[in-house]
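**Student:** How does the following fold in three dimensions:
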Amino acid sequence: MKNFSEFLVLKGLQPVTVLGHVRGIDRIIRKIGTSDISKEEASRFVVNLYLSGCSYSHKANSVTSLEYWMEYRGFAMRFGRQRKPKRLLKDTLSEGEITRLIFSAQSAKETAIVVLLAYSGLRPKEICNVRISDINFGAGQLRVEQGKGAKDGIVFLPSKCMTALMRYRPDFTEVNDQFLFQTYQGNKYNQNALRKLIKKLSRRAGITKRVYPYILRHSLATNMVKRGANLLFVKEHFRHAWIETTMLYVHSIGMQERQEQFFPQYV
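**Tutor:** Predicted coordinates for the structure are as follows:
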């Protein structure tokens, strides 16, 4: 597996992607029963996988891992992909629920985290990776390094975010290279800690929906589209690579409105 990991790194994959494929091929090897997978065994595995009830993402990731493994062993294979189902966002938070979530915070740190999640559009992983030196208070900007797809970018922070950050860390200096959010032990805040915090805040706020960090990004985009924000502005703010990703929010809102109109008893 060490040699396979190095093979994937040389392919240009990011460490988190390498780890995912290593775990994926380990599951496949245990399923098939051997690491010396033949082309026939690989094809049979993919057929059974495609006929299973597994999610599209699991199928696609597993097949990609298998393709890399076969290429690593000198038997390059390429399998077709099933059509990706149209995705709809079922649950988001209303502006009122987001306000309740923010008011349930009991410290400047909790407030800064939830406000940044709610109004910046940053992904949870990106928030954990923010350093103090990434914030430009004069311009109201935050530099995102190695975001999704290993892309860098600039996010414009609204005044609510800037106020919450100043209350949390009034001694900001641009030369400070510490992580913005740290645990009480002085370690970098991680996504697991982020999930636990948001779950705790949602219980305090009395929100019965399932609430997790990423739902705040989805909710911000949905509420912006509902208010009539320009789709190109939304695309740039959320750093979507494709306008089709932004259109997902439009389709989801349209589907929800049709459900409320024709099937109010199920909404």
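**Student:** Spell out, range by range, the helices that occur in the chain.
**Tutor:** 2-10, 15-32, 39-51, 56-72, 95-103, 108-119, 124-129, 159-168, 191-205, 213-226, 231-237, 243-262 (DSSP state H).
**Student:** Of all those, which one is nearest residue 81?
**Tutor:** Comparison of the helices of the chain against residue 81 by Cβ to Cβ identifies helix 56-72 as nearest, at 6.2 Å. All C-beta atoms are positioned from the backbone trio N, CA, C, and that covers glycine.
**Student:** Could you give me the buried positions within the closest one?
**Tutor:** For helix 56-72, burial by neighbour count (16 or more other Cβ atoms under 10 Å) applies to 59, 61-70, 72.
**Student:** tell me the domain boundaries of this structure?
**Tutor:** The domain map for the chain lists 2-72, 95-266, with the assignment taken from automatic domain parsing.
**Student:** Mean pLDDT and distance to residue 79 for these - can I get that in CSV?
**Tutor:** Putting those into CSV (pLDDT from 0 to 100; distance: least, Cβ to Cβ, whole Å) gives the following:
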stretch, mean pLDDT, distance to residue 79
domain 2-72, 94, 5
domain 95-266, 81, 23
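**Student:** Which of those sits closest to residue 84?
**Tutor:** domain 2-72 (5.6 Å).
**Student:** tell me how far the ends of the closest one are from each other?
**Tutor:** From its first residue to its last, domain 2-72 covers 12 Å (Cα to Cα, to the nearest Å).
**Student:** what's the distance between the most centrally placed residue in the chain and residue 42?
**Tutor:** Nearest to the mean C-alpha position of the chain, counting by Cα atoms, centre = their mean, stands residue 123 at 5.4 Å. Relative to residue 42, residue 123 is positioned 34 Å away (Cβ to Cβ, to the nearest Å).
**Student:** So which residue of the protein lies furthest out from the middle?
**Tutor:** residue 40 (35.7 Å).
**Student:** Take the helices of the chain and write them to JSON lines, including distance to residue 180.
**Tutor:** Shown next, in JSON lines, are the helices of the chain (distance: least, Cβ to Cβ, whole Å):
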{"stretch": "helix 2-10", "distance to residue 180": "29"}
{"stretch": "helix 15-32", "distance to residue 180": "20"}
{"stretch": "helix 39-51", "distance to residue 180": "41"}
{"stretch": "helix 56-72", "distance to residue 180": "30"}
{"stretch": "helix 95-103", "distance to residue 180": "18"}
{"stretch": "helix 108-119", "distance to residue 180": "8"}
{"stretch": "helix 124-129", "distance to residue 180": "8"}
{"stretch": "helix 159-168", "distance to residue 180": "8"}
{"stretch": "helix 191-205", "distance to residue 180": "12"}
{"stretch": "helix 213-226", "distance to residue 180": "15"}
{"stretch": "helix 231-237", "distance to residue 180": "20"}
{"stretch": "helix 243-262", "distance to residue 180": "26"}
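**Student:** show me what contacts the nearest residue to residue 81 once chain neighbours are set aside?
**Tutor:** Spatially, and ignoring its direct neighbours in sequence, residue 81 is nearest to residue 60 (6.2 Å; Cβ to Cβ, 6 or more residues apart in numbering). If you count contacts by Cβ atoms under 8 Å, 6 or more residues apart in numbering, residue 60 has them with 81-82, 84.
**Student:** swap in residue 112?
**Tutor:** Contacts of residue 112 (Cβ under 8 Å, 6+ apart): 164-165, 167-169, 181.
**Student:** rerun at 7 Å
**Tutor:** By Cβ atoms under 7 Å, 6 or more residues apart in numbering, the contact set of residue 112 is 164-165, 168.
**Student:** circling back: separation between the residue farthest from the centre of the chain and residue 24?
**Tutor:** Going from residue 40 to residue 24 by Cβ to Cβ gives 20 Å.
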